[in-house]
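Visitor: need a structure here:
(2 chains)
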Amino acid sequence: MRTQEYIESGILETFVLGAASEQEVKELLFMKAEYPEVNEALQQLEKDIEKLARNLAVEPPSGTWYKIAQEINAVIPHQESSPQVFNRKNDRERPDTEKDKGDQYIEVEGSSSHMRLHKAWRWVFAGVFILGKIFLAFAIYFYLENKHTQQQIQELRTEIRELKNKK
Amino acid sequence: MLLGYIGDVVKNQAIAEQYLVAVFKDVPNELDELTNEDVNTFCHLQSMARKKLSEYFVSTAYQNNGKSENKPSICDNKYTQQMTHEQQLVFCGVHWYGKTITSLATELNQPEENIRKILKDCFTIIRSSN
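Guide: Model prediction:
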């Protein structure tokens, strides 16, 4: 019975429109957690507000998102809730006062000497390797072919010389 | 949706856009709340916008009080058109002019309970209209 009275009192509407006092907010959050019907009524009011806003919605100008993204991407000094600063080897040597400063930045340079590449590069490397092997095989083949031809020329010269001597 | 609300408050597209950017700039600090399943994202964003607009609300209220003729705090749209003049004063006063229940009670010379009831009736009108 008390919950129904509470819902009917108009406090939920006051809360949804952001006009509730601190005391009322505290009480409402307690009631919301304790009584599902209060939570349901609140959700319905939130839907009503969404309905109102949807009906009065305005298309943002094209550059608005760019402005928002720029603001968000701007370098923001670290706060307590931010991720911890990357621990370098010499981090221990730094004085505590420097560590505790709020205006530190995340260390983005990795300590690893390895490099990460896209998987597509494996086919490029395989192609280069196979082409290398083909060129090597051709080089050996032409070297042997050339050597053989030189030998034949040498033999022919010897034969010609012998024939000349016989005459 | 949020730009529409801010635009209705400040009545200036460029200023509304500045407020919108300021609200979204604070989104990274409110991620826990905004991603909470129990929290209505739009209502939370609107609440963030109201906090940003609080100074604007105070300044406009001051300006209106300083003038000899007090402009009635009414917004004209398909929902408020279905409300009585008193309901319009209460709903628009709270939603678009940032007035408190106490100040409206004083303005309309009624107890705060009545103001809350009027607000409730306004929501009933919004819910029942298409």
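Visitor: just give me the neighbour total for residue A:165.
Guide: Neighbours of residue A:165 under the rule other C-beta atoms under 10 Å in any protein chain shown: 7. Where you see a C-beta, it was placed from the backbone N, CA and C, and this is true even at glycine.
Visitor: cool, and residue B:79?
Guide: Neighbours of residue B:79 using other C-beta under 10 Å come to 21.
Visitor: show me where pLDDT drops low in chain A?
Guide: Counting by pLDDT under 70, chain A shows low-confidence ranges at A:1, A:75-112.
Visitor: show me the helices in it, by range?
Guide: A:2-8, A:11-16, A:22-34, A:36-55, A:64-73, A:96-99, A:121-166 (DSSP state H).
Visitor: what about residue 126, how many residues nearby?
Guide: Since no chain was named, I'll use chain A. 10.
Visitor: sorry, I should have been clearer: chain B.
Guide: Residue B:126, neighbours per other C-beta under 10 Å, totals 20.
Visitor: OK, contacts around it?
Guide: A:48, A:51, A:52, B:79 (C-beta atoms under 8 Å, 6 or more residues apart in numbering or on different chains).
Visitor: of the residues you listed, closest to residue B:36?
Guide: Of all the contacts of residue B:126, residue B:36 sits closest to residue A:48, with 20.3 Å by C-beta to C-beta.
Visitor: and that closest one, how many neighbours does it have?
Guide: So residue A:48, with other C-beta under 10 Å, has 19 neighbours.
Visitor: might one say that it is in contact with residue B:123?
Guide: Yes - applying C-beta atoms under 8 Å as the test, residue A:48 and residue B:123 come out as touching, 5.4 Å apart.
Visitor: and the helices of chain A, which is most packed in?
Guide: Of the helices of chain A, the one with the most neighbours on average (mean count of other C-beta atoms under 10 Å in any protein chain shown) is helix A:11-16, at a mean of 24.
Visitor: shaky segments in chain B?
Guide: Using pLDDT under 70, chain B drops low at B:61-74.
Visitor: could you redo the last one with a cut-off of 80?
Guide: For chain B, residues meeting the criterion pLDDT under 80 lie at B:57-75, B:130.
Visitor: does anything pack onto the strand or helix carrying residue B:54? Which helices or strands?
Guide: In the assignment (DSSP states H and E), residue B:54 maps to helix B:41-66. Helices and strands touching helix B:41-66, by 3 or more C-beta pairs under 8 Å, 6 or more residues apart in numbering or on different chains; DSSP states H and E, are helix A:36-55, helix B:2-10, helix B:13-25, helix B:31-34.
Visitor: can you pull the contacts of residue 34?
Guide: Here I'm looking at chain A. By C-beta under 8 Å, 6+ apart, residue A:34 lies in contact with nothing.
Visitor: let me rephrase: I mean chain B.
Guide: B:27, B:41, B:44, B:45.
Visitor: can you rerun that using 7 Å?
Guide: B:27, B:41, B:44 (C-beta atoms under 7 Å, 6 or more residues apart in numbering or on different chains).
Visitor: can I get the residues you listed in CSV including neighbour count?
Guide: Formatted as CSV, the contacts of residue B:34 follow (neighbours: other C-beta atoms under 10 Å in any protein chain shown):
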residue, neighbour count
B:27, 16
B:41, 13
B:44, 16
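Visitor: and chain B, which residues reach chain A?
Guide: Within chain B, the positions adjacent to chain A are B:1, B:3-5, B:7-8, B:17, B:20-21, B:24-25, B:28, B:40, B:42-43, B:47, B:50, B:77-79, B:94-95, B:100-101, B:116-117, B:119-120, B:123, B:126-127 by C-beta under 7 Å from any C-beta of the partner chain.
Visitor: residue in chain B with the shortest distance to chain A?
Guide: Here the residue of chain B nearest chain A is residue B:116; by C-beta to the nearest C-beta that distance is 2.9 Å.
Visitor: distance of whatever residue of chain A ends up closest to chain B from residue B:116?
Guide: Closest residue of chain A to chain B, C-beta to the nearest C-beta: residue A:10 (2.9 Å). Per C-beta to C-beta, to the nearest Å, residue A:10 is found 3 Å from residue B:116.
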